[in-house]
Structure formats: structure tokens, C-alpha cells
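**Student:** Sequence unavailable; structure follows:
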């Protein structure tokens, strides 16, 4: 049984109490952070699926309408250097929800979509458990893909409520698994299979989220909410609404189908944000929007459709196009809007960051297990206060053939990298100079053996941690 900590109604201060108090004082001088006295913020964490590195208007996509995502950026902070925890669905979600390198969370790659098969170990302490243990009402809506057994489905991982599919992808109207046979239905509420044949899953997710964030009492007798909305868009099958199919009909395939799905998702997000505004909760609701990794070029996605701009790679590999993701945080009552941060960060950072912003107490046993670092200071103070370059590590799979990458500053070393967009594969060791070549076109390994050795040493440090 997982350990629990007592719920407290008083404000919680994090581990780094001095830094947190300093942040409160600075923010209060700006009229932010404590704008709504005595209340803790709600949190809506939106995780899109297979969305390309630059697939939003605010990230430079000129042929794609995303007014609601763009509005989030205008009222919040847009991060241009955000990395996914991994380049594949399950592993990325494990990193997000545990704050740990996915391999260390027991999810080195994708989890089975077969009913009855376990996924992320129940011993892992999740964001949902952190929020629930601190008095929040916790909700999962959408995709799970972290286990299909009773002890690894959402309700066993800290969520009070759960609605969605447990496997990697579904048809959005029949709600059957969209991969291989035999055909099997995959739609669940709180661990019980339900049938909603013919109802568009996108619309149903919006209804579910709106229901859970609708106030039913006063602030004194109703807990704040933590909603993990794992939107299964624009992951295949590409089933955008007719409105957006018509809008993009003159674009080439598969960009037209992909764009229709992204704009459908954007419209859904807008409905939920409008509901927060109508119910008077928007100012004190933290909204985080982020993709799980880069766009897919699989045959089920008609070979692509996503936009990565200058970045090489896609879903399934550790070139920048597989790891760079759109990422926005908006909290009108607590963070100044209309800002951009360029300092690199990673999806595991949201665990300690949200804990700091919401003043949650992390159990002592969990703190040393975290690989993510709080970026609350970066959000408040800007890039100039970001400090020395961090080291980032990724690993997909296990054993000698596992893909891996390590980055420090301008240098990034990739091992066993695979790029399905190219006929030839890069060398077993590929050293990229991101300071001069963001497209990772040239391998500098032979020219800079000392950098290779340094990054190999960094990798060794992480490998030791993975084995602990």
C-alpha cells in the first residue's frame, strides 16, 4: 500500500523554504502570486498527444489556427526550450506524473494496451497523489496508457475520478482500440467499462472536464481541483470535426487532416477556458499546456503532417524534433503574462514546480527520488536568473540497443539514434552542436572527443542512478 501523508488545511511550504518565501515577497510587490488571498490555485494540466514541436500559431505555424492556445501564451508564459521526458507516449507520461526519468519510474518505453497487463508500478508516487494528499480533488480525463490492470489504472494512482481510455489510442466514435486486432472496446469510468458508442470522444472529454471544474459550493467547503486532461489529439486516427476539415481542405495531405485535428483540440480547450471564466475561476487556475513529444510519421498518421520547423526528427527519437514540445503556463493571479522563456527545461520539472506554486508538501521519501527541478524561479524571474546549464538525460528502451541522449549547454550526444524520416541512420555516437546547428545536421564526435568523453561521463552518472 502506498504511503500517505496527512492532509493539512494550512498553507504548505516546500522544502526550499527560504527560496519560496523570497519568491512570495518578490511576487507580491508585483501584485501577483498572492492575488487571491488565502486560497490555493486550481490546476488544469493539459497534455496533448503527438503534437509537433512548433504546431501552434504562437510557435510559428503559419498555416494552423490555434487561437485558444495562442491566448494562453498571451496571458501566460511560453517556453521555447521545453523538452519532453521521452519521445514515446507512455514513457513521457510516466516522467510527467512522477517527476522522474521514465526508466526510473519503471516505464522505459510504451506500456502494453492489452487489458489485464500492468504498467507503471503502483509504488510510484504521482502528481495526483501529491495533490490529493494536500487536499485537492484529483481528476483524470482522456488517455492513460500507463497500465491496464486494477493496480495500475488511474484510480489506483491517485485519481479520485477517471474517465477515458487505458490503451494507446482509440477510434473517437466507436471507442475501440485503434491499432491491431482482435477488436476490443476501451472506454472506462473509475475502472468500470462503459459504452458511449457514436459519441465523439472530444466532446465527451470537454463535458467531463467542465463537470468536474464546476463549483458546487463555497470556497470554504469545496477543495481545489487538480485535473489531468490527457487529450488524445492529434494522435491518430486523425478525426477532426467537419468544420475544420472544410477549413483546411485546400492544404496537401496529410497536413490538412492533421491541422483539422489540432484546431479541433484547440476549440475544445477554448470551451473549457471559457467555462473557467464564466464560473469565476480562471484567474486562480494554473493552466499548463504541453505536448507529450514530437509529431508522428507512422503509417497510421499517413506518414506525418506535423511541423517541426528547423528541428530534425520526430516521435520515437531523440533529435530535437522528437523532444522539443510546445509548452505554456498561464496563471493570471500568480504569474505575469505575455512572457517568453528560452532556458531549457524538461517535463519532469512540472512535478516540483507545481508543488512550489501551489505550496504543496512533498513527502520526505519522495524528494530525493525526483529528477525534475522546480522552474518556478525561472517563471518568475526570467532567463537571466536561470544559472549554469543543466544536464538532461533521456533513454528509450533497455539494454545495449536502447536509444539515449545527454545534453549539457550547447552540446548534445546521442547514442543508437534512429530517425525514421531518413533512409540512412546516423552514427552510433552523434555529437550535435546546438549552439551553431539547431538542425543537428553535422556529427562533431570526431572533432571533439573531449566533449564526447565529458558527456559519456555524465551519462555514466545517470546510468548509475537508473540502477539504484
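**Tutor:** Sure thing, it's come through. Keep in mind that what you see is a predicted model, and the values were worked out from it rather than measured. Numbers count the residues shown, from 1 in each chain.

**Student:** Before we go further, residue 311 is sitting in a helix, right?
**Tutor:** No - using DSSP: H, G, I helix; E, B strand; the rest coil, the assignment for residue 311 is coil, not a helix.

**Student:** residues making contact with the helix or strand hosting residue 458?
**Tutor:** Assigned by DSSP states H and E, residue 458 falls within helix 449-467. With CB atoms under 8 Å, 6 or more residues apart in numbering as the test, helix 449-467 has contacts from 101, 103-104, 371, 391, 393, 395, 404, 406, 408, 411-413, 415, 429, 431, 444-445. Backbone N, C-alpha and C define where each C-beta goes, glycine included.

**Student:** Filter these down to the buried ones, PyMOL style.
**Tutor:** In PyMOL, selecting the buried portion of the contacts of helix 449-467, with burial taken from 16 or more other CB atoms under 10 Å, looks like this:
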select buried, resi 101+103+104+371+393+395+404+406+408+411+412+413+415+429+431+444+445
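
**Student:** So which bits of the helix holding residue 458 are buried?
**Tutor:** Within helix 449-467, the residues that count as buried by 16+ other CB under 10 Å are 451-452, 455, 458-459, 462.

**Student:** Closest to residue 355 out of those residues?
**Tutor:** Residue 355 lies nearest to residue 462 out of the buried residues of helix 449-467, by CB to CB, at 22.9 Å.

**Student:** Could you report the pLDDT at the closest one?
**Tutor:** At residue 462, the pLDDT value in this model is 94.

**Student:** Ok, residue 28 next?
**Tutor:** pLDDT, residue 28: 35.

**Student:** same check, this time on residue 467
**Tutor:** The model reports residue 467 with a pLDDT of 82.

**Student:** Ok, residue 254 next?
**Tutor:** For residue 254, the predicted pLDDT is 97.

**Student:** State the helix or strand in which the nearest residue to residue 234 once chain neighbours are set aside lies.
**Tutor:** Leaving aside its sequence neighbours, residue 234 sits nearest to residue 261 (CB to CB, 6 or more residues apart in numbering; 3.9 Å). Assigning secondary structure by DSSP H and E places residue 261 in helix 255-278.

**Student:** re earlier: can you tell me which of the buried residues of helix 449-467 is nearest residue 172?
**Tutor:** Among the buried residues of helix 449-467, and counting by CB to CB, the member closest to residue 172 is residue 462, at 38.1 Å.

**Student:** Could you report the distance from the closest one to residue 353?
**Tutor:** Distance of residue 462 to residue 353, computed by CB to CB, to the nearest Å: 21 Å.

**Student:** For residue 189, give the beta-bridge partners.
**Tutor:** Per DSSP bridges, the residues bridged to residue 189 are residue 163, residue 192.

**Student:** from now on call the first residue 490
**Tutor:** Right, with 490 as the first residue, what we last looked at is residue 678.

**Student:** Now do it against residue 869, distance only.
**Tutor:** According to CB to CB, residue 678 and residue 869 sit 39 Å apart.

**Student:** So which of these two has more stuff around it?
**Tutor:** Counted by other CB atoms under 10 Å, residue 678 and residue 869 do not tie: residue 869 has more neighbours, with 20 against 14.

**Student:** Report whether the expected contact of that one with residue 824 is present.
**Tutor:** Yes - Residue 869 is in contact with residue 824 according to CB atoms under 8 Å; the separation is 7.0 Å.

**Student:** Tell me which of the contacts of helix 938-956 fall in strands.
**Tutor:** Judged by DSSP state E, the contacts of helix 938-956 include 880, 882, 884, 893, 895, 897, 900-902, 904, 918, 920 as members of strands.
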